[in-house]
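K.L.:
sequence unavailable; structure follows:
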């Protein structure tokens, strides 16, 4: 069963992609939107993962790996064991933990008390309607994806070029259901595609319960004029795609192809059949990210998405004033079963 949680306000839920991105990363379910071990023209791309147990109990961590726009999924149950309060560095996560010699996509980490029962909807003492479970345990995840030169291995200690992908707690996805408060769309700025730099955009369906179409528009940062045609892609449940900016927006090239931003929103969400009883709308949810790479050095920078609106005064008060009772009837659906 999907999980429902009362939250202090609708806006407070969606902070990881906004101004307070670095502050709220902890949850019992954490997404890493892009990770892998895969060969490319510039070498082999590898992900190291840093995972923290933020509780005083030993924790078992299960991992869902979803690759491609078709959302092909593999679940690795209780594959990581962490002692109370342990922080662990895992080098080359895909072959080391998942046993996969190649792959690229999103990872979803679920934390559970060791020996506990975190099965969705059947957890003893949990709420089968809300999907809550007393055995869920909080973790955080960070990752570095980087490339090593062609023909080299990690054992040879080659030079690397890498970038950060921070884990995103389950309650921080973007959703078309939050249009009333302006939290249904994000923008990514700092895009370039010229002789010095190239760029990519990653698009992730964060929901296990629906297919969705993501709509991407590119704009001139100075004038606000749209560049080229609108790009759309349909992603199956948990589907993932990464697109080269020069391919999906061929008009964005040359010496003037700089200082651009794009917007991402979703449409045409279709629930799986039969719909999950706890998620009749399909729980629409998505992530987006950008990446700019130096054409000479290969140095890469992650471009995080941002909402077009700030946190409201009410949400800020709820965060910083612990004596304020901010609970409302607003609930958010977990988009992936634990």
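P.N.:
On my side now, so go ahead. Note that the coordinates shown come from a computational prediction; the quantities given were computed from them, not determined experimentally.
K.L.:
surely residue 70 is in contact with residue 236?
P.N.:
Yes - between residue 70 and residue 236 there is a contact under CB atoms under 8 Å: 5.0 Å. Just so you know, the C-beta spots here come from the backbone N, C-alpha and C atoms, and that holds for glycine as well.
K.L.:
which one of those two has more residues nearby?
P.N.:
residue 236 (18 against 14; other CB atoms under 10 Å).
K.L.:
what's around the closest residue to that one other than its chain neighbours, how many residues?
P.N.:
Of all residues not flanking residue 236 in the chain, residue 71 sits nearest, at 3.6 Å (CB to CB, 6 or more residues apart in numbering). By the criterion of other CB under 10 Å, residue 71 has 20 neighbours.
K.L.:
please report phi then psi for residue 71.
P.N.:
phi 70, psi 30 (degrees, to the nearest 10).
K.L.:
now do residue 222
P.N.:
phi -80, psi -50.
K.L.:
tell me how far it lies from residue 260.
P.N.:
9 Å (CB to CB, to the nearest Å).
K.L.:
what about the two, which has more around it?
P.N.:
Set residue 222 next to residue 260 and count neighbours by other CB under 10 Å: residue 260 wins out with 22 against 9.
K.L.:
ok, the more buried one - contacts?
P.N.:
Going by CB atoms under 8 Å, 6 or more residues apart in numbering, residue 260 touches 189, 191, 192, 193, 218, 219, 220, 221, 227, 252.
K.L.:
could you find the closest non-adjacent residue to it?
P.N.:
residue 191 (4.4 Å).
K.L.:
was I right about the one you found contacting residue 262?
P.N.:
Yes - in this structure residue 191 lies within contact range of residue 262 using CB under 8 Å: 6.6 Å.
K.L.:
now the common contact residues for the two.
P.N.:
With CB under 8 Å, 6+ apart as the test, residue 191 and residue 262 both reach 218, 290.
K.L.:
which positions in stretch 181-196 come out as buried?
P.N.:
181, 183, 184, 185, 186, 187, 188, 190, 191, 192, 193, 194 (16 or more other CB atoms under 10 Å).
K.L.:
so the second one sits in a helix?
P.N.:
No - counting by DSSP: H, G, I helix; E, B strand; the rest coil, one finds residue 183 to be coil, located in no helix.
K.L.:
what's the spacing between it and residue 201?
P.N.:
Distance, residue 183 to residue 201, using CB to CB: 20 Å.
K.L.:
show me where the stretch 1-150 of the chain dips below the pLDDT cut-off.
P.N.:
Scanning the stretch 1-150 of the chain for pLDDT under 70 picks out 1-22, 121, 128-131.
K.L.:
all helices of it, in order?
P.N.:
Counting by DSSP state H, counting those that start in this stretch, one finds helices in the stretch 1-150 of the chain at the ranges 10-13, 93.
K.L.:
who are the packing partners of the last one?
P.N.:
It stands for helix 93. strand 43-53 (3 or more CB pairs under 8 Å, 6 or more residues apart in numbering; DSSP states H and E).
K.L.:
each with direction, which strands does the strand it packs on pair with?
P.N.:
Partner strands and pairing direction for strand 43-53 (DSSP bridges) are strand 29-40 (antiparallel), strand 87-90 (antiparallel), strand 139-148 (antiparallel).
K.L.:
out of the contacts of residue 260, list just those in strands.
P.N.:
189, 191, 218, 219, 220, 227 (DSSP state E).
K.L.:
wait, which of those is closest to residue 291?
P.N.:
Using CB to CB, residue 191 comes nearest to residue 291 of those, at 9.5 Å.
K.L.:
show me where the stretch 51-200 of the chain has its strands.
P.N.:
59-67, 72-82, 87-90, 103-113, 139-148, 161-166, 168-169, 185-191, 197-205 (DSSP state E, counting those that start in this stretch).
K.L.:
nearest to residue 36 among those strands would be which one?
P.N.:
strand 103-113 (3.3 Å).
K.L.:
and the angle for the closest one with strand 197-205?
P.N.:
Orientation check (axes from the mean of the first three to the mean of the last three CA atoms, to 10 degrees): strand 103-113 against strand 197-205 gives 50 degrees.
K.L.:
buried residues, the longest helix that the chain contains. List them.
P.N.:
For the chain, the helix reaching the highest residue count under DSSP state H is reported as helix 313-320. Using 16+ other CB under 10 Å as the test for burial, helix 313-320 gives 314, 315, 318, 319.
K.L.:
what's the offset of that helix from the middle of its chain?
P.N.:
Between the centre of helix 313-320 and the centre of its chain there are 24 Å (CA atoms, centre = their mean, to the nearest Å).
K.L.:
show the average pLDDT along that helix.
P.N.:
Helix 313-320 shows a mean pLDDT of 83.
K.L.:
name the helices or strands packed onto that helix?
P.N.:
Contacts defined by 3+ CB pairs under 8 Å, 6+ apart place helix 313-320 against helix 10-13.
K.L.:
now distance to residue 210 too, for the buried residues of helix 313-320, in JSON lines please.
P.N.:
Shown next, in JSON lines, are those (distance: CB to CB, whole Å):
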{"residue": "314", "distance to residue 210": "30"}
{"residue": "315", "distance to residue 210": "27"}
{"residue": "318", "distance to residue 210": "29"}
{"residue": "319", "distance to residue 210": "30"}
